[in-house]
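[1] Fold the following and give me the result.
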Amino acid sequence: MSSRPYAMTARAEAVERTRRAILDATIALHLSRPASSIGLGDVADRAGTSVQTILRHFGNRAALIETALVEAQQEVVAERRAPAGDVAAAVAQVVAHYEKRGDGVLVLLAQEGQEEFATRVVRDGRRIHRAWVREVFAPLLVGRADADELIDLLIVATDVYTWKLLRRDRRLSRRATEAAVRRMVEALLREEGS
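    Here you go, the predicted structure:
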């Protein structure tokens with residue numbers, strides 16, 4: 001029996017592991033420091049590979065960044081997924097997401113308007129956040145005359161800056177932060193319905 005199919009599978013898995021490590025390193029670096037200070041050598045060091053390997057996988061820096069951006073957005077959407085109409089689950093998911101990526105998002109926000117990459121990520125992030133609010137709170141907004149205004153307020157209540165104020169500036173625990181955000185969301189939904 002030939003070992004060639006096994007060898008080909010093992011090689012394909014190794015190639016995919018390297019590709020994944022490069023993308024993870026690219027995303028992690030962009031969540032930790034200004035984009036202008038990140039070179040392919042930094043990505044290679046963090047991924048445990050070489051610049052030549054990065055170029056073999058992605059062709060050039062722009063293609064690497066674009067692929068990493070798409071991957072990161074897909075991960076963000078998956079991390080935030082929550083059943084529509086379940087306030088507790090939605091808040092728990094978004095707080096968990098901020099616990100994982102919130103500090104990195106703040107790094108990107110600090111570069112908005114200065115770095116083209118960060119400006120694009122922040123713009124796309126706002127679009128994703130608005131779509132998330134519309135989706136997860138949709139059943140609770142049916143028939144409400146001021147649904148658009150309420151969506152804006154729910155976006156503020158569940159925004160990364162709100163998480164920062166509670167979790168980083170006030171130093172609340174994750175549990176207390178989640179409870180505070182849930183309280184704001186429930187108050188907004190209750191007030192609009194009265």
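[2] Specify the local secondary structure of the one residue sitting closest to the centre of the chain.
    Ranked by distance to the mean C-alpha position of the chain (Cα atoms, centre = their mean), the top residue is Val76 at 3.7 Å. For Val76, the assignment made with DSSP: H, G, I helix; E, B strand; the rest coil gives helix.
[3] who's in contact with it?
    Counting by Cβ atoms under 8 Å, 6 or more residues apart in numbering, Val76 makes contact with His97, Arg101, Gly125, Ile128. Every residue, glycine included, has its C-beta placed from N, CA and C.
[4] Does the first one touch Arg81 like I think?
    No: distance between His97 and Arg81: 9.8 Å, which falls outside the contact criterion (Cβ atoms under 8 Å).
[5] more neighbours, those two?
    In terms of neighbours (other Cβ atoms under 10 Å), His97 is the more surrounded of His97 and Arg81; the figures are 24 against 13.
[6] which residues touch the more buried one?
    Val76, Glu79, Arg80.
[7] cool, and His129?
    With contacts defined as Cβ under 8 Å, 6+ apart, His129 is in contact with Ile155, Thr158, Asp159.
[8] Just the element for it, please.
    With elements taken from DSSP states H and E, the one containing His129 is helix 116-136.
[9] Could you pull up the mean pLDDT of that helix?
    pLDDT averaged over helix 116-136 equals 93, rounded to a whole number.
[10] That helix: which residues count as buried?
    Going by neighbour count (16 or more other Cβ atoms under 10 Å), the buried part of helix 116-136 is Phe117, Ala118, Val121, Val122, Gly125, His129, Trp132, Val133, Arg134, Val136.
[11] chain center to that helix: distance?
    Taking Cα atoms, centre = their mean, to the nearest Å, the mean C-alpha location of helix 116-136 is offset from the chain mean by 9 Å.
[12] One more: stretch 167-175?
    Using Cα atoms, centre = their mean, the distance from the centre of stretch 167-175 to the centre of the chain it belongs to is 20 Å.
[13] That's all I had, so thanks and see you.
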